[in-house]
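Chemist: sequence unavailable; structure follows:
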């Protein structure tokens, strides 16, 4: 998935109110950008960080920039827009590029299920159980090479795990897919110390038959595509 508008570099001044960030452009102008990330963004929102913004000229949008990437200035990037992975993943699913899911010819997104929820992707095919796929964007890394989820307490994430477990009980397949939006990670785990309830709910869901898959991303200021599968390093 290529960014529709070329990104521009900037320096982060501060992130606040979860969805707002002030930044300084290369010409010295200070602007406010939309930050499409409800998490804590631990380790990614330090003042002075080099970031990449996507400009827009949409008159319906109050803010004329969206924060897309953190540039670690060592050849690695982290994608901070939590809506991007689903768009990139849908492209990969439709092209049957995810080997573990390639035998499902029909892909639907945002399908209602559970208790007032929408599954990220519902995969269907002849002579096979429906597959409910919930996607989580992973951006936290507190140890070199290791990506972790979540970066803050997520009651919504635990709710999704319970609903996936219900789908398994009804005879369907259900999968939690952790999509790592960092190019410096080689494995994925759960941050059980940050949200022990999520970790316990994950344990119960996996024991009940919810499957787990993790993939990395290829990220640059040009765009984001799905990368290679990553090992999920958690006792399951």
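Modeler: Yep, it's here. Model, not experiment: these values are computed from the prediction.

Chemist: any idea how far residue 109 is from residue 132?
Modeler: 12 Å (CB to CB, to the nearest Å). Where you see a C-beta, it was placed from the backbone N, CA and C, and this is true even at glycine.

Chemist: ok now the helix or strand of the chain with the lowest mean pLDDT, how far from the chain's centre?
Modeler: Counting by mean pLDDT, DSSP states H and E, the weakest-scoring helix or strand in the chain turns out to be helix 84-94, with a mean of 91. Centre-to-centre, helix 84-94 and its host chain are 11 Å apart (CA atoms, centre = their mean, to the nearest Å).

Chemist: for that helix, buried residues please.
Modeler: Buried residues in helix 84-94, counting neighbours by 16 or more other CB atoms under 10 Å, are found at 84-86, 88-90, 92-93.

Chemist: report the inter-axis angle for the helix or strand following that helix versus helix 84-94.
Modeler: Next along the chain after helix 84-94, taking DSSP states H and E as the criterion, comes strand 106-113. With axes from the mean of the first three to the mean of the last three CA atoms, to 10 degrees defining the directions, strand 106-113 sits at 130 degrees from helix 84-94.

Chemist: for strand 106-113, name the packing helices and strands.
Modeler: On a contact count with 3 or more CB pairs under 8 Å, 6 or more residues apart in numbering; DSSP states H and E, strand 106-113 meets helix 84-94, strand 117-124.

Chemist: redo the ones you listed as CSV? Include distance to residue 4.
Modeler: Listed next are these as CSV, based on distance: least, CB to CB, whole Å:
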stretch, distance to residue 4
helix 84-94, 11
strand 117-124, 21
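
Chemist: find the nearest non-adjacent residue to residue 163, please.
Modeler: residue 114 (3.5 Å; CB to CB, 6 or more residues apart in numbering).

Chemist: count the residues that sit near the one you found.
Modeler: 15 (other CB atoms under 10 Å).

Chemist: one more: the one 5 residues further on?
Modeler: Using other CB under 10 Å, residue 119 has 24 other residues around it.

Chemist: test my guess that it contacts residue 111.
Modeler: Yes. Taking contacts as CB atoms under 8 Å, residue 119 lies within contact range of residue 111: 5.2 Å.

Chemist: could you break this structure into its assigned domains?
Modeler: By the record's domain assignment, the chain is partitioned as 8-79, 84-229 (automatic domain parsing).

Chemist: what pLDDT is listed against residue 165?
Modeler: According to the prediction, residue 165 has pLDDT 97.

Chemist: contacting residues for residue 90?
Modeler: 107, 109, 121 (CB atoms under 8 Å, 6 or more residues apart in numbering).

Chemist: how far away is it from residue 226?
Modeler: 10 Å.

Chemist: what number of residues lie near the residue nearest to residue 103 when sequence neighbours are not counted?
Modeler: With sequence-adjacent residues excluded and distances taken as CB to CB, 6+ apart, residue 103 is closest to residue 125, at 6.4 Å. Residues lying near residue 125 (other CB under 10 Å) number 13.

Chemist: residue contacts, residue 125?
Modeler: Applying CB under 8 Å, 6+ apart, the residues near residue 125 are 103-106.

Chemist: tell me the pLDDT at it?
Modeler: 93.

Chemist: phi and psi next, for it.
Modeler: phi -170, psi 160 (degrees, to the nearest 10).

Chemist: tell me which element the most centrally placed residue in the chain falls in.
Modeler: Centroid-nearest residue in the chain, with CA atoms, centre = their mean: residue 137, separated by 1.7 Å. Assigned by DSSP H and E, residue 137 belongs to strand 131-138.
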